[in-house]
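1. Fold the following and give me the result.
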Amino acid sequence: MRVSTSLASAIDHYTLSLGGQVTVSEIARYLSQQEAYLDVSTLERARPLDGAQALQDMNIQPGDRLVIFTQKPEPSQLPEALAPGDTVLKFSRGDLEITSRSRKRLLIGRHHAPSGVNPDIDLRNFVSPRDIEAISRKCVLVEFDQSSKLWYASRLGQTPVFVDDLQLENRKVPLNNNSRLRFYQANRMIGEMRVQVEQVQSREDLVYLQSGENQLPLMVGSERETQVLNAADELTVGTLAEHLLAFNKIQADPQLYLTRLVPPQTRVDRLSLGRGGFIYAARQIRYAQNLLILRDVHDPNRQFEIAAGLEDEERRIGRRSQPDQTDPELDVDLYESLISRENDPEAYRNISRRQARLFFRENNWSIRMEEGARAPVFVNNLRLTGGQAVQLTSGDVLSIGPSVDQYLARLAVEITAKAE
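-> Residues are numbered from 1 along each chain as shown. Below you'll find the predicted structure:
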């Protein structure tokens, strides 16, 4: 039997009091206006499972999912609906955009399931997986001040953060209509985002839910990507959950649910949830979009991961000046690749300190040579000349050296939207 499974953490438990004529579709649209990582047109009905149940006895139908809660749900309250004149924040990098929706207090940081930290703006969207551990779980607090009608940011964790050119400390700093937040490890920038303030102009696209006497339990969880498993019909759902948790290296006292999509026009007063049942929505979070990976063809364990930043930023390829001193301005330091391939401690001097530049424009990665660079650069068999920029795609090969065959360093290109 094929079973679609998902692991959910950071679960919020809402109790809604709604009019009977409110539809599931309206609830889904309302949630999508409140939750930064929700964009759904309908919801799922969840019913609890006994771990001793065999899969063959669960009446699993196409589209059903086994959702495993790895944490207990926390009681929460939905923020008020947006109204014309309200201001919202838009956080962006490249083609990725996340808005504050109707929330007036936002935590920016790094998701950490064991400690229950689930930030409103998850920096795994904006920082390469290589550097994400340098980000504080609770990094920055952003709040809207009702009296001044301004958004303010203040630092919470140890990660150095700049708002434009001002280093963020514990005191609040106002955000202008177009600010840039940069995150550092020591003197090296490891992530950034553009923060824009926008005003809600119209009621036309806003959803409001009619209040009433119908009590509706609603859960919203943060999920990992769905895993589809082939399992024996007689296997118990509890055993399947144990194996899945062990495979994902998660220790938890799980709660098991079977979820099924609800027809979007179903009215609240006609919903039948059963004992312990509820309506469920899953946050879907993407991480490190537009990630450029450069792998040394002679040592696949040596690789450079570069997450797309703001479109006017460029990344440098080159080599350090001294063997024992790294260069914080380099995103790709070829020192190790050069000396290991040639087995010569001086081989790194055969290329320039600033050899080439990478940049992300219009949702594409490109490369061009630095002016005055010592060694030629090839994309596959094409030699770069002058200020010529060449677009990169997965499968390309970068060669640096006198010719394609007589190269000093060679890197395989992979471009991906890397997910957790």
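2. ranges for the strands of the stretch 151-300 of the chain?
-> 161-163, 166-167, 173-174, 178-185, 188-199, 214-223, 227-230, 255-261, 278-283, 291-296, 299-307 (DSSP state E, counting those that start in this stretch).
3. Can you say which of the ones you listed is nearest to Thr393?
-> When these are compared by Cβ to Cβ, strand 291-296 sits nearest Thr393, at 10.8 Å. C-beta: built from backbone N, CA, C; applies to glycine.
4. Packed most tightly, which of the strands of the stretch 151-300 of the chain would that be?
-> strand 278-283 (a mean of 23; mean count of other Cβ atoms under 10 Å).
5. Show me what it is packed up against.
-> helix 24-34, strand 44-48, strand 214-223 (3 or more Cβ pairs under 8 Å, 6 or more residues apart in numbering; DSSP states H and E).
6. Residues touching the first one, excluding its own?
-> Spelled out, it's helix 24-34. Contact with helix 24-34 is made by 16, 18, 38-43, 78-79, 81-82, 101-103, 206-209, 216, 218, 220, 262-266, 268, 271, 279, 281, as judged by Cβ atoms under 8 Å, 6 or more residues apart in numbering.
7. Got a quick ChimeraX command for the buried subset of these?
-> Of the contacts of helix 24-34, the buried ones can be selected in ChimeraX as follows, counting by 16 or more other Cβ atoms under 10 Å:
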select :16,18,38,40,42,43,78,81,82,101,102,103,206,207,209,216,218,220,262,264,266,268,271,279,281
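8. hang on, the earlier thing: nearest to Leu411, out of the strands of the stretch 151-300 of the chain?
-> Using Cβ to Cβ, the strands of the stretch 151-300 of the chain put strand 291-296 closest to Leu411, at 4.2 Å.
9. out of the strands of the stretch 151-300 of the chain, nearest to Gly116?
-> Using Cβ to Cβ, the strands of the stretch 151-300 of the chain put strand 214-223 closest to Gly116, at 10.9 Å.
10. wait, Ala307 sits on Leu291?
-> Yes - between Ala307 and Leu291 there is a contact at 5.4 Å, judged by Cβ atoms under 8 Å.
11. Enumerate the sheet neighbours of the helix or strand bottoming out on mean pLDDT in the chain, specifying parallel or antiparallel for every one.
-> Least confident element among the helices and strands of the chain, by mean pLDDT, DSSP states H and E: strand 96-99 (a mean of 79). Neighbouring strands of strand 96-99 in its sheet, by DSSP bridges, are strand 87-93 (antiparallel).
12. For this structure, give the strand that spans the most residues.
-> strand 2-18 (DSSP state E).
13. angle of that one against strand 278-283?
-> Using axes from the mean of the first three to the mean of the last three Cα atoms, to 10 degrees, the inter-axis angle of strand 2-18 relative to strand 278-283 is 110 degrees.
14. CA atoms of strand 2-18 as CSV?
-> Provided in CSV are the C-alpha atoms of strand 2-18 (Å, rounded to 0.1, in the frame of the first residue of the first chain):
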residue,chain,number,x,y,z
ARG,A,2,1.3,3.5,-0.9
VAL,A,3,0.9,6.0,2.0
SER,A,4,1.5,9.7,1.8
THR,A,5,3.0,10.9,5.1
SER,A,6,4.0,14.3,6.5
LEU,A,7,5.6,15.3,9.8
ALA,A,8,4.2,18.5,11.4
SER,A,9,5.6,20.6,14.1
ALA,A,10,5.0,24.1,15.6
ILE,A,11,1.2,23.5,15.5
ASP,A,12,-1.2,26.3,16.4
HIS,A,13,-4.6,25.5,17.7
TYR,A,14,-7.4,28.0,17.0
THR,A,15,-11.0,27.8,18.0
LEU,A,16,-13.2,29.8,15.6
SER,A,17,-16.8,30.9,16.3
LEU,A,18,-18.4,31.2,12.9
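15. Next, the buried residues of it.
-> 3-12, 14, 16, 18.
16. Show me which of the residues you listed is closest to Glu329.
-> Closest to Glu329, out of all of those and judged by Cβ to Cβ, is Ala10, at 37.1 Å.
17. Surely Gly116 is in contact with Thr70?
-> No - using Cβ under 8 Å, Gly116 makes no contact with Thr70, being 10.7 Å away.
18. what about the two, which has more around it?
-> Thr70 (22 against 13; other Cβ atoms under 10 Å).
19. Next one: that one from Ile27, what distance?
-> Look at Thr70 and Ile27: by Cβ to Cβ, to the nearest Å, they are 25 Å apart.
20. Repeat that for Asp296.
-> Counting by Cβ to Cβ - Asp296 and Ile27 are separated by 51 Å.
21. what's the next secondary structure element after the least confident helix or strand of the chain?
-> strand 105-109 (DSSP states H and E).
22. what mean pLDDT does that next one have?
-> For strand 105-109, mean pLDDT is 94.
23. Can you list the buried residues in that strand?
-> For strand 105-109, by 16+ other Cβ under 10 Å, it's Leu106, Leu107, Ile108, Gly109.
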